[in-house]
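Undergrad: Quick one, what's the 3D model for this:
(one chain, ligands or ions: 1)
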Amino acid sequence: MGDHGSPDLGGSVPTHCPYCSLQCGVRMWPAPPRPPVVEPTDFPTNRGGLCAKGWSAPELLDHPDRLLTPLVRTDPVDRRSPLRPASWDEALDRITAAIQASQHRYGPASVGLFGGGGLTNEKAYQLGKFARVGLRTPHIDYNGRFCMSSSATAGNRAFGIDRGLPFPLADIADARAVLVVGGNPADTMPPAMQYFDAGRAAGAVHIVADPRRTATARGAGIHLPVAPGADLALANGLLHIAIRAGYVDQAYVRERTTGFDAVRTAVAGYWPDRVERITGVSEELLQRTVQALATAPTAMILTARGAEQHSSGTDTAQAYINLALALGLPGRPGSGYGTITGQGNGQGGREHGQKADQLPGYRRLDDPAARAHVAAVWGVDPAELPGPGVSATEMIDRIGSPGGVRAMLVFASNILVSAPDRDRVADRLAALDFLAVSDIFRSETAAVADVVLPTAQWAEEEGTMTNLEGRVLRRRRVLPPPDGVRDDLSVLAALADRLGRGRYFSADPQTVYDELRRASAGGIADYAGISYQRIEAEDGVFWPCPADDHPGTPRLFTERFATPDGRARFIRVEHRDPAELPDRSYPYLLTTGRIMGQYQSGNQTRRSPSLSSTASDPKAEIHPDLARRLGIGTADLVELTTRRGRAVFRAYLTEHIRPDTIFVPFHWGGLASANALTDPTLDRHSRMPAFKVCAVAVRRLAGPAGAGRSSAAPDDPAT
Ligand code: SF4
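TA: Numbers count the residues shown, from 1 in each chain. Reported below is the predicted structural model:
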């Protein structure tokens, strides 16, 4: 164990960065100065490293924009009336009255909950329970639906389990070939790169497939400049070459998998020249990639959102799993398939019940045995539990329609920036009879709510998070929240009390966590043996861990897969064009993503003074050839238009992007909202929107000195 869990280093408290799924270990001192100082620890994911977001995170604890009191509309029935400060009793009474009025008039399902992948396991669990036991509504989903749902679905289909990395992050250093598809950890989680760097220093070949030559791609030996939406064809083409070259691990396929013959037949038509036409990746690069992966003694394939946030995202992740299985990688030391989780608790947040179809422990809500187990832990009749609801996008889309949601409570999510097709989302939120938002700042979504609740931040709360490796770790309270601020567990308990269901809900994190352990026992994501004490003593514990004396499971699939027959499943998948292709009106491809100095909807990081000094201006990345054709120069203001909306960015000319593709970051609302442009078409399996590709038109608006800013202030409601 490193220094992370060591007690009392000068009165400091070990905890973790609030942002991404790497969950870097940090140490903080509760004593002055304010804001507190943060120092990285020797935690296994970061080993003393920290990115700019982690260093700056304490700046937000004392930020002047911090919400310190509940807010309610001056006129309770007019959402255009100003928000004014209110007591907690008044705010909670308004929420309770709105829930009761909606359920009395339209039934229990008329109230919806929307959660977030940044919530602790305790809060994600309690939100799921509050929906089913407190409100008796099927309508709960969360922003992880926009993030991890495609790879999660693919993992469940192939392996019978969904854990982002089925091995510790440090294993990446042992892989002698690594293919990263649609991921840019050098920008999004820089401390993780030490493991990639160690592998390359030991002779590993790294390959990155991405429409942009990102920082990760520039550090790799091979860059595959794949067209947005063509990752599946790329995978099938690689498998085609591997089969023809005799690289398939026949013994592995025979002994550990099923379904290979159908996949072999399917990829027979993915000839390299055809794949080159679809993907834009040359036959020579395809051949080099296969040879690197197939001849290395150890190899990994890692996918991320670039490959997954498509209307065929599940099938795309599946295609890379097929390739990994054919090469005999999953379950072997230093080898395997994994997906790089995004949000801080993107893994735990999808395991314990805030998904529409799910109960704690990654149980299915439509499984009678699962319902009986969880209902017994909750002390309710299984028949009382509602059935599965609909996905996040569908819940928003059906607001106000028969059977749809009329009142909604949002926790830790900024839907007006993070959901696709922003104008449609704004229209649907406006159709709600009532909207309540819990957040630390007045986000774009909070700005249109009827009631806003100020909530505690990461360093002010206790709980657990589950990182990208499936390692459960402790979030520790370093400071109390400011006066007037409450945490979401207290809010849910208070609301349950007002609704006559208070006996089922505790506000104490450890009590909630111990109940979560019991509810997860025997499930896929089994936390039964993972106590707060063990997490602290062992630098986290990997699930599944079914008993106190179980060591946890850092590496999955070493003996068998989590399917009924213990074998991984090949699944035949075919390339389909993106739902929207360029045409005369919208002649280019648009793709979206993250940049180093911002995080998710930017509600937090846009307010950070130190991050704003380097990442305050949303830029559209455009190839110089395309810019020349359109008369666009560096730093010009450009207008991007799609079938759904328009947005304005500053042009950033770079040869590191395909000439047919424009990239914009999605961390801003207002005029620079990437999601005013994106396509809400859903993946048929995971219900993931097609964030990563749509057709776009571009035109120059003004020169570098163009009037006005290209971005709206964080508080601006969507325009
Ligand atoms: Fe935080 Fe992720 Fe940066 Fe680590 S890599 S400091 S967890 S944002």
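
Undergrad: Start and end of stretch 680-699, how far apart?
TA: 23 Å (C-alpha to C-alpha, to the nearest Å).

Undergrad: Going by neighbour count, which residues of it are buried?
TA: By neighbour count on 16 or more other C-beta atoms under 10 Å, the buried set for stretch 680-699 is 680-683, 685-698. Every residue, glycine included, has its C-beta placed from N, CA and C.

Undergrad: Then stretch 627-638?
TA: Neighbour-count burial for stretch 627-638, counted by 16+ other C-beta under 10 Å, picks out 627, 630, 632, 635-638.

Undergrad: For the strand or helix carrying residue 126, which helices and strands make contact with it?
TA: Taking DSSP states H and E as the criterion, the element that holds residue 126 is helix 121-129. Judged by 3 or more C-beta pairs under 8 Å, 6 or more residues apart in numbering; DSSP states H and E, the packing partners of helix 121-129 are strand 111-115, strand 140-142, strand 463-466, helix 488-498, helix 509-520.

Undergrad: now the last one against helix 121-129, angle please.
TA: Put plainly, it is helix 509-520. Here helix 509-520 runs at an angle of 60 degrees relative to helix 121-129 (axes from the mean of the first three to the mean of the last three C-alpha atoms, to 10 degrees).

Undergrad: what inclination does helix 509-520 have with respect to helix 488-498?
TA: Using the same axes, to 10 degrees: helix 509-520 against helix 488-498 is 80 degrees.

Undergrad: list the helices and strands helix 509-520 packs on?
TA: Contacts defined by 3+ C-beta pairs under 8 Å, 6+ apart place helix 509-520 against helix 121-129, helix 368-378, strand 463-466.

Undergrad: which one is the residue of the chain found nearest the ligand nearest to, not counting chain neighbours?
TA: Nearest residue of the chain to the ligand (C-beta to the nearest ligand atom) works out as residue 54 at 2.5 Å. Excluding the flanking residues, the one nearest residue 54 by C-beta to C-beta, 6 or more residues apart in numbering is residue 17, at 4.0 Å.

Undergrad: Tell me who's in contact with that neighbour.
TA: The neighbours of residue 17, taking C-beta atoms under 8 Å, 6 or more residues apart in numbering as the test, are 23-24, 26, 50, 53-54, 57, 344.

Undergrad: Sort out for me which of those are in helices.
TA: Judged by DSSP state H, these include 53-54 as members of helices.

Undergrad: where's the dip in pLDDT among the contacts of residue 17?
TA: Among these, residue 344 carries the lowest pLDDT, at 88.

Undergrad: my guess is that residue meets residue 23, correct?
TA: Yes. The pair residue 344 / residue 23 is scored as a contact, 6.3 Å apart, by C-beta atoms under 8 Å.

Undergrad: so what sits against both of these two?
TA: What both residue 344 and residue 23 touch, as defined by C-beta under 8 Å, 6+ apart, is the set 17, 465.

Undergrad: Which one of the helices and strands packed on helix 509-520 lies nearest to residue 163?
TA: Comparison of the helices and strands packed on helix 509-520 against residue 163 by C-beta to C-beta identifies strand 463-466 as nearest, at 9.0 Å.

Undergrad: centre of the chain versus the closest one, how much separation?
TA: From the chain centre to the centre of strand 463-466 is a distance of 15 Å (C-alpha atoms, centre = their mean, to the nearest Å).

Undergrad: Many thanks, have a good one.
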